[in-house]
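In: Fold the stuff below for me.
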Amino acid sequence: MKQLVSISVLPWQVMDESFLKSEISSYLKIPEEKITLFRIIRKSVDARNRNVRFNLGIEVFVDELPEPDPVSFRYDWVGNKPEVAIVGTGPAGLFAALRLIEMGIKPVLFERGRDVHNRKRDIAAIHRNEGINPDSNYGFGEGGAGTFSDGKLYTRSKKKGDVNRILHILHAHGAQADILIEAHSHIGTNVLPRVIERIRQTIETAGGEIHFQSRVTEFITEAERLKGIRLSDGSKIDTQALILATGHSARDVYHQLRQAGIHLEAKNFAVGVRVEHPQALIDSIQYHRSDRGQYLPAATYSFTEQVDGRGVYSFCMCPGGIIVPAATAPGQMVVNGMSPSGRNGKFANSGMVVEVRIDDLKKYGHHREMAGLKFQEDLEKRSFQMAGESYLAPAQRLPDFVDGRLSQTLPAGSYRPGTTPSGLHQWLPDEIRGRLQQGFLQMGRKARGFLTNEAVLLAVESRTSSPIRIPRDDETFEHVKVKRLFPCGEGAGYSGGIVSSAIDGERCAEKVAALISGHSF
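Out: Modelled structure (predicted):
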């Protein structure tokens with residue numbers, strides 16, 4: 001008999017199997033010897049009180065052993081099967097490819113950037129302030145924007161089966177087992193590239209194809225049907241169906257779609273800054289103690305405020321992490337955050353962003369669906385100018401920003417091109433600056449010590465989500481007007497993060513397979 005048990009334990013008791021077995025025995029009121037197996041399936045930190053505890057969800061087997069894991073997947077040879085093109089190798093594109101293979105269809109992927117190994121070299125050049133390769137950087141290349149990120153796996157998806165499936169596939173390709181049980185699991189920037197490489201190996205071993213340095217320059221349509229794409233080398237690729245999974249930083253794709261007469265829609269998004277604190281300070285705030293000790297993980301936080309009718313909130317919080325230059329073209333200044341798997345760095349960082357709605361962008365011209373892109377680009381160019389037209393990050397101490405004064409010096413931090421003092425309060429758009437200032441004051445009242453002179457703001461955090469949606473039919477996932485085009489993932493405006501993008505990629509692949517084979521999946 002299988003039972004689910006929820007217990008709360010002290011941090012040092014989590015790894016004590018004899019203690020946990022005793023607690024389970026007391027909870028179920030059965031002798032310990034009747035417990036044949038137990039395993040933690042969910043773990044989260046409860047830091048609401050000074051006596052920090054772990055809440056555990058435990059699967060317990062009494063007088064029996066479990067059946068084999070119900071999550072299964074196999075990738076047979078599809079090299080001689082019907083082909084489907086996929087543009088983009090982020091989570092949506094890669095998981096769409098894996099799912100197509102499972103259903104007996106050959107995926108052919110086109111990626112503008114380079115493979116993980118060579119992509120690392122291009123990223124290292126950015127950190128040395130040597131410029132940006134517009135096709136290979138933190139945003140573009142094998143694995144997409146998530147490859148060199150914290151690898152956060154939290155999602156708001158309500159379909160638990162889909163989430164577990166994605167996590168098991170990641171684990172099968174080298175992600176740590178903890179992702180299967182942690183409430184807010186992550187893979188880590190030091191592990192995720194290996195996982196991505198192994199997914200590529202699975203696709204290629206099964207007969208799929210991945211073409212790197214193959215940027216799309218044109219979408220070819222005829223009678224409201226996608227017929228093919230043209231690549232940067234001039235070659236034309238005909239396809240019976242195309243899954244578009246390019247991510248939200250591929251701004252040229254939106255312009256190409258619009259030029260081809262493919263309908264786009266504006267959507268809400270958010271922009272702001274990235275704030276960095278010493279991790280020890282965040283630990284002390286969240287755990288109510290001067291030292292978190294060896295059993296507690298690096299503390300996280302989450303803030304959501306309302307200021308003048310707009311949301312102001314933390315985004316992509318990275319405990320024990322670093323801030324990185326995330327622009328995708330010369331002349332832009334963009335920052336993002338990431339953490340290694342151990343989350344053992346000296347600093348904690350998070351995006352702090354303000355909601356931007358469609359109606360806020362009326363001044364950006366009559367092409368309303370492109371107004372959000374224009375807003376983002378203008379802000380990134382302004383930030384680059386404020387950095388002296390380099391990849392130094394314009395920065396300001398947090399209290400100075402809130403009080404509207406310049407910072408004479410800046411604290412040490414993790415951003416490795418370096419920072420330069422800048423009056424963010426002077427050049428950020430008024431509607432962003434004012435709401436951020438009020439939002440930080442509200443956060444400081446909730447978390448004593450958050451508004452510290454040790455905290456620094458770096459600009460600009462502008463790539464939280466796509467400001468554009470590529471509309472598709474709710475049932476078929478095809479574009480609302482152009483047949484055989486299947487937009488999916490973050491760039492199409494239908495997901496936000498690794499897991500939700502992977503789920504969307506799988507669902508999209510199933511719709512394509514149903515169209516090609518005539519069977520539903």
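
In: Show me where the stretch 1-150 of the chain has its helices.
Out: Secondary structure of the stretch 1-150 of the chain by DSSP state H, counting those that start in this stretch: the helices cover 17-28, 91-102, 116-127.

In: Go through the first one and flag the buried ones.
Out: What it means is helix 17-28. When burial is assessed from 16 or more other CB atoms under 10 Å, helix 17-28 yields the following buried residues: 20, 21, 23, 24, 25. For every residue, glycine as well, the C-beta is placed using N, CA and C.

In: Tell me the one of those residues nearest residue 460?
Out: Distance to residue 460, by CB to CB, is smallest for residue 20 among the buried residues of helix 17-28, at 46.6 Å.

In: So which bits of stretch 373-382 are buried?
Out: Within stretch 373-382, the residues scored as buried using 16+ other CB under 10 Å are 373, 375, 376, 377, 379, 380, 381, 382.

In: Of those residues, which belong to helices?
Out: Secondary structure from DSSP state H places 373, 375, 376, 377, 379, 380, 381, 382 of these in helices.

In: pLDDT (mean, whole number) over stretch 115-126?
Out: Stretch 115-126 carries an average pLDDT of 92.

In: now swap in stretch 221-229 and tell me
Out: 95.

In: Also stretch 421-440?
Out: 97.

In: Domains of this protein: list them as residue ranges, please.
Out: What automatic domain parsing lists as the domains of the chain is 2-62, 83-264+470-517, 267-461.

In: Can I get these in TSV including distance to residue 71?
Out: Formatted as TSV, those follow (distance: least, CB to CB, whole Å):
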stretch	distance to residue 71
domain 2-62	13
domain 83-264+470-517	4
domain 267-461	22
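
In: what does stretch 173-180 rub up against?
Out: 41, 151, 153, 164, 167-168, 170-171, 185-187, 191-192, 194-195, 198-199, 202, 341 (CB atoms under 8 Å, 6 or more residues apart in numbering).

In: about what we covered before: is it possible to export the ones in helices among the buried residues of stretch 373-382 to CSV including distance to residue 258 and pLDDT?
Out: What follows is those, written out as CSV (distance: CB to CB, whole Å; pLDDT from 0 to 100):
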residue, distance to residue 258, pLDDT
373, 10, 93
375, 17, 94
376, 16, 95
377, 15, 95
379, 21, 96
380, 20, 97
381, 21, 97
382, 24, 97
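
In: Closest one of those to residue 488?
Out: Nearest to residue 488 out of those is residue 373 (CB to CB; 19.5 Å).

In: Looks like that closest one contacts residue 462 (just checking).
Out: No - Residue 373 sits out of contact with residue 462 when judged by CB atoms under 8 Å, with a separation of 10.5 Å.

In: top strand in the protein by residue count?
Out: Longest strand in the chain by number of residues, with DSSP state E as the criterion: strand 35-46.

In: Would you indicate which residues of that strand are buried?
Out: Going by neighbour count (16+ other CB under 10 Å), the buried part of strand 35-46 is 35, 38, 40, 43, 45.

In: mind checking how far residue 239 is from residue 109?
Out: According to CB to CB, to the nearest Å, residue 239 and residue 109 sit 12 Å apart.

In: cool, residue 71 as well?
Out: Counting by CB to CB, the gap from residue 71 to residue 109 is 24 Å.
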